[in-house]
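Q: 3D model of this:
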Amino acid sequence: MSEENQINIAILDLYDGEPNEGMRCIRQLIEEFEADCHFMVNYKVFDVRLKNEMPDLTYDIFISSGGPGNPLESIGAEWDKNYFKLMDAIRSHNQKNPEHKKHVLLICHSFQLYCRQYGYGKVSKRKSTSFGVMTVHKTFEGHHDPLFRSLNDPLWAVDSRDYQIVQPNEKKISDDGATILCIEKYRPHVDLERAIMAIRFDDAIVGTQFHPEADAVGMRMYLLREDKRNFVIERYGEKKYWDMLDHLGDPDKIMLTYSTLVPRFLMMALRQRLSSVSL
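A: Numbering: from 1, shown residues only. Next up is the predicted model:
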């Protein structure tokens, strides 16, 4: 099969060797996408943090995973420098090749790193860990973004983080033509900054603070673990814990997010790839 009839996806694994469900879900979504689109899809995983593995620009799509740790602590690390050499190269390529852009999806830790590196907001440590099935609120732009517009407001997503992006740099966002798509739950009675939960950096690069790849199976496994169960009950109460388990089977909550965001991101990238080939 010719290269014109293939799409190549690089999965950037930032989990640093820690056990996780995110990588399984990303692979699963790509395989489901290939089955649905009837197109030859090749993907390869790059162990970014443990092995300092990086793809080149022969790939059409880059999905960069979540991962553990403080996104500020890797500044100066070899893998971090090489990661942003790749991101710089993608951004430069997209500016020079507007008809054949590389598409990037940044998830959780990757989203924090990207915002840190390019100055879209401030990285801060949360007062407490956020973990579980949570609501995420769309902005006006989020209501009209092609990835988000068919989702409910609030949409439901899996959240798992100790850090967050706050204090958006409005000038940087405006100058770059970026838009904030989602923010943390509205709580006007609570004197806490609302974290940014999703940004469209441009028409080819988008990032989410939450985990759009998370499925009900993986999240159920996490919630049934004794340490996670105890954490959620202590942090949110027993009723909230059982509500989270119940929400996993609801088709308009994380199942809808799972079946919408990553598949639509992949389809948009494929359409752009096919249109550039036909030019």
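Q: just checking, E18 touches G66?
A: No. E18 sits out of contact with G66 when judged by C-beta atoms under 8 Å, with a separation of 10.0 Å. For every residue, glycine as well, the C-beta is placed using N, CA and C.
Q: Find the residue ranges of the chain scoring beneath the pLDDT cut-off.
A: Residue ranges of the chain with pLDDT under 70: 1-4, 186-192, 276-279.
Q: If we use 80, what do you get?
A: Residues of the chain meeting the criterion pLDDT under 80: 1-5, 38, 185-193, 273-279.
Q: picking that back up, what about E18 and G66, which has more around it?
A: Neighbour count, other C-beta atoms under 10 Å: between E18 and G66, G66 has more, with 28 against 12.
Q: check contacts around that one.
A: By C-beta atoms under 8 Å, 6 or more residues apart in numbering, G66 lies in contact with 14-15, 20, 22, 107-110, 160, 211.
Q: Let's see that with 6 Å instead.
A: 22, 107-109 (C-beta atoms under 6 Å, 6 or more residues apart in numbering).
Q: That one in helix, strand or coil?
A: coil (DSSP: H, G, I helix; E, B strand; the rest coil).
Q: swap in A269?
A: A269 - assigned by three-state DSSP - is helix.
Q: ok, and the closest non-adjacent residue to Y59?
A: A10 (4.1 Å; C-beta to C-beta, 6 or more residues apart in numbering).
Q: So that neighbour is in contact with F62, correct?
A: Yes. Contact status for A10 versus F62: in contact at 4.9 Å, counting by C-beta atoms under 6 Å.
Q: Pretty sure V104 sits in a strand.
A: Yes. Counting by three-state DSSP, V104 is part of a strand.
Q: Now for it, how many residues are close by?
A: V104 is flanked by 26 other residues according to other C-beta under 10 Å.
Q: so who does it touch?
A: 62, 205.
Q: is it in a bridge, and if so with what?
A: Beta-bridge partners of V104, counted by DSSP bridges, are F62, I205.
Q: if I look at it, how far off is R116?
A: Taking C-beta to C-beta, to the nearest Å as the measure, V104 falls 16 Å from R116.
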